[in-house]
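Engineer: This is the structure alone, sequence omitted:
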């Protein structure tokens, strides 16, 4: 993985990949359609893909894998994408944003999806959507490990809804909507986990639960950092009257903006819940410690007067049983009586319950 410092001193537009190392070849998929026809093909080279483009259809070119910057650069040359845009595409630490150029607009965001198979709540990767003014859309995905677009592909294949009747701007909306909706799926799963964690904290608080708490706190910080800029990005598209999105599609973008707000509200709710759960843990540990200290204090209180009596009796200055043989059992009776009275007193005070 390339460090951010590796870009230091390089001229603007220099493509330096920041992300997970990968040896997988870059995969290019073309999905081309209109209301009557559909064409879908996978390519290993962008030149072959360009030769199959149909000017009368909506063209969706999906590039899986941005670790090979030479492929990204070649795609940029073919479609006239500015080097600064390509620089943002390969910089996986990029904050979600939208930028307009002469013949295209670029939207960059974080895509998350469930990854329970590998023991994680979710997997995340950067997604870049470049919408051109000629009904062409290019999406760059960080890795060829899955996405949240299968439902959109099926809608296109089966001609469900209005996606086959609309242009590439509607496709861009559908992709952004799928990305935002995927956050709900992830948050729903995390919410179930937090419910179990809260039960564990109440029944058996232990240090291992603190690690889980901190893990989920880091997850919430990441989701918040991803969702807030996405809300701003969609809001910017909606309010700036972006020329690449038609007025009819703009109505749908409002729905995406609303969903992004709900994601943020859910993340904030979970952050407050985690803070409360940490307080529950600290209170449980403190109560547990108080119970231990109370038990020790009661035991000490019972034995202090007995220790005093035994200490005085053991000074060897005067031994009562030398004259009174019955004094030794009487002394035991006194000590047992004192202990019993103290025990009864603590019981009446409900300190032993």
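Structural biologist: Nice, I can see it. Everything numeric here is computed off the predicted structure, so don't read it as measured data. Numbering: from 1, shown residues only.

Engineer: Residue 256 and residue 183: what is the separation?
Structural biologist: 11 Å (C-beta to C-beta, to the nearest Å). C-betas here are computed from N, CA, C, even on glycine.

Engineer: Common neighbours of these two, please.
Structural biologist: Counting by C-beta atoms under 8 Å, 6 or more residues apart in numbering, residue 256 and residue 183 have no shared contacts at all.

Engineer: remind me which residues of this structure are low pLDDT?
Structural biologist: Across the chain, the ranges flagged by pLDDT under 70 are 1-13, 19, 116-121, 144-145, 312-324, 328, 351-353.

Engineer: So which residues make contact with stretch 40-49?
Structural biologist: 25-32, 52, 61, 71, 74-75, 78, 157.

Engineer: again, 6 Å this time
Structural biologist: Residues outside stretch 40-49 that contact it (C-beta atoms under 6 Å, 6 or more residues apart in numbering): 28, 29, 30, 31, 74, 75, 78.

Engineer: Identify each buried residue in it, please.
Structural biologist: 43, 46, 49 (16 or more other C-beta atoms under 10 Å).

Engineer: Return the subset of these lying in strands.
Structural biologist: residue 43 (DSSP state E).

Engineer: Which single one of the buried residues of stretch 40-49 is nearest to residue 103?
Structural biologist: Nearest to residue 103 out of the buried residues of stretch 40-49 is residue 46 (C-beta to C-beta; 17.9 Å).

Engineer: how much space between that closest one and residue 187?
Structural biologist: Taken as C-beta to C-beta, the span from residue 46 to residue 187 is 36 Å.

Engineer: swap in residue 292?
Structural biologist: For residue 292, the distance to residue 187 - C-beta to C-beta - is 39 Å.

Engineer: Which of those two has more residues huddled nearby?
Structural biologist: For residue 292 versus residue 187, the count of surrounding residues by other C-beta atoms under 10 Å is larger for residue 187: 24 against 10.

Engineer: Check the gap between the residue lying closest to the more buried one once chain neighbours are set aside and residue 220 for me.
Structural biologist: Using C-beta to C-beta, 6 or more residues apart in numbering and skipping residues adjacent in sequence, the residue nearest residue 187 is residue 266, 5.1 Å away. To residue 220, residue 266 is 10 Å away according to C-beta to C-beta.

Engineer: Out of the two, name the residue with the larger neighbour count.
Structural biologist: residue 220 (22 against 19).

Engineer: can you map out the helices along this structure?
Structural biologist: Using DSSP state H, the helices assigned to the chain run over residues 46-51, 69-79, 83-90, 150-158, 168-203, 207-239, 247-313, 327-348.

Engineer: Which one of those lies nearest to residue 122?
Structural biologist: Taking the helices of the chain one by one with C-beta to C-beta, helix 168-203 is closest: 4.3 Å.

Engineer: got the contact list for residue 136?
Structural biologist: residue 59.
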